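Engineer: Quick check, what structure comes out for this input:
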Amino acid sequence: MEEQARFWRHPAVPDVDLLKARYVTHRFARHAHAEYAIGLILDGVEEFAYGGTVHRAGAGEIVLVNPEVAHTGHAGVPGGWAYRMLYPSLESMTEIAADLGRAGATPYFPEQVVRDPALAALLERAHRAAERGDGLAASTLTRTLFGRLLARHGAPGPLTDPLAGRGAVPAGAGRRAVREAIEVLGASLADPPTLDRLAETVRASPFPLLRAFKAETGLPPHAYLTSLRVRRARRLLKSGRPPAEVAAEVGFTDQAHLSRHFKRIVGVPPAAYQRAAGTYKT
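Structural biologist: Numbers count the residues shown, from 1 in each chain. A predicted model of the protein is given here:
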């Protein structure tokens, strides 16, 4: 069965990326992203590691992935899986939560796979509306979907904690060091420090920092750096920058290196991503 994927953003649904795909052999690398990932499995089974557990989501089930939580994704059956995904920003979901009377709290989904036929049908309708270009229907149905998901399956989390929901929490200086290490990595994508240098910069020892970093983010620093590079690459590609130039700016060795990691995390190659954003240049 042939793999196919389309990634795009509808102007009527701001701060929400969309993906429609069928994957058979493709495997998403372990990564974390800044957005929520909310999707409906249309066919087959997806398996994904999340928070120390391997989840299985089958046809008709909804997948709910919180921001900044490391996870993977691969086929759970030989025929792979097909799904429709939405990636709303943290800001847009927080705004909707405030509209529901949950101001001052970050929305959080405690269950990663839920079976809710009514919401599954609504998700598919919202996604299809965005696919066919119906702005009013897409914006109305998408906002209704997110509101109902939060009301039925969401829980409040602390808005002030940027590491909330990322897994086991090291205490005191460990958490502080992880926060600072993430900031250092984000500021040095093209020329990252060694682990020893990173630990020295955040006033920690290398091994305790490595242990705390992995416990908190689900990833070791070098893998988290790859996620950060891909995030920056998405923004630059969307602005119309050439992939080769983007690769150099975010720290990949060349365009092929960018393409390999970009597809393993986003699900489509950079050129397809730019075509969806309307910034692809031949």
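
Engineer: In contact with residue 7, which residues are there?
Structural biologist: Going by CB atoms under 8 Å, 6 or more residues apart in numbering, residue 7 touches 17, 18, 19, 266, 267, 268, 272, 273, 276. Backbone N, C-alpha and C define where each C-beta goes, glycine included.

Engineer: Work out which residue lies at the spatial centre of the chain.
Structural biologist: Centroid-nearest residue in the chain, with CA atoms, centre = their mean: residue 33, separated by 3.5 Å.

Engineer: That one: what secondary structure?
Structural biologist: Three-state assignment for residue 33 (DSSP: H, G, I helix; E, B strand; the rest coil): coil.

Engineer: isn't it right up against residue 227?
Structural biologist: Yes - contact criterion CB atoms under 8 Å: residue 33 and residue 227 qualify, at 6.8 Å.

Engineer: Which neighbours do the two have in common?
Structural biologist: residue 265.

Engineer: which residues in the chain form helices?
Structural biologist: With helices called from DSSP state H, the chain shows them at 90-99, 117-132, 135-153, 173-186, 195-201, 206-217, 221-238, 243-250, 255-266, 270-277.

Engineer: what comes into contact with the last one?
Structural biologist: Helix 270-277 has contacts (CB under 8 Å, 6+ apart) with 5-9, 233-234, 237-238, 240, 243, 246, 255, 258-259, 262, 266, 268, 280-281.

Engineer: Buried residues in stretch 202-211, which are they?
Structural biologist: Neighbour-count burial for stretch 202-211, counted by 16 or more other CB atoms under 10 Å, picks out 202, 204, 209, 210.

Engineer: no wait, stretch 192-203
Structural biologist: Per 16+ other CB under 10 Å, stretch 192-203 contains these buried residues: 192, 193, 195, 198, 199, 201, 202.

Engineer: From residue 201, how far off is residue 26?
Structural biologist: For residue 26, the distance to residue 201 (CB to CB, to the nearest Å) stands at 36 Å.

Engineer: ditto for residue 23
Structural biologist: Distance from residue 23 to residue 201, by CB to CB: 39 Å.

Engineer: can you check residue 54 too?
Structural biologist: 35 Å.

Engineer: before we move on, what about residue 15?
Structural biologist: 33 Å.

Engineer: Tell me the pLDDT of the residue nearest to residue 195 when sequence neighbours are not counted.
Structural biologist: Nearest-residue entry for residue 195: residue 206, 5.1 Å, with adjacent residues in sequence omitted and distances by CB to CB, 6 or more residues apart in numbering. Predicted confidence (pLDDT) for residue 206: 88.

Engineer: Could you pull up the residues touching residue 206?
Structural biologist: With CB under 8 Å, 6+ apart, residue 206 has these contacts: 195, 196, 199.

Engineer: Spatially nearest residue to the second one, not counting backbone neighbours?
Structural biologist: This points to residue 196. Using CB to CB, 6+ apart, the closest residue to residue 196 is residue 206 (5.3 Å).

Engineer: The one you found and residue 200, how far apart?
Structural biologist: 9 Å.

Engineer: Could you pull up the residues touching residue 8?
Structural biologist: Contacts of residue 8 by CB under 8 Å, 6+ apart are 17, 18, 276, 277.

Engineer: swap the cut-off to 6 Å and go again
Structural biologist: Neighbour list for residue 8: 18, 276 [criterion: CB atoms under 6 Å, 6 or more residues apart in numbering].

Engineer: and it, bridged to which residues?
Structural biologist: Bridge pairing for residue 8 (DSSP bridges) gives the partners residue 18.

Engineer: And the pLDDT for residue 264?
Structural biologist: pLDDT, residue 264: 95.

Engineer: Alright, calling it a day.
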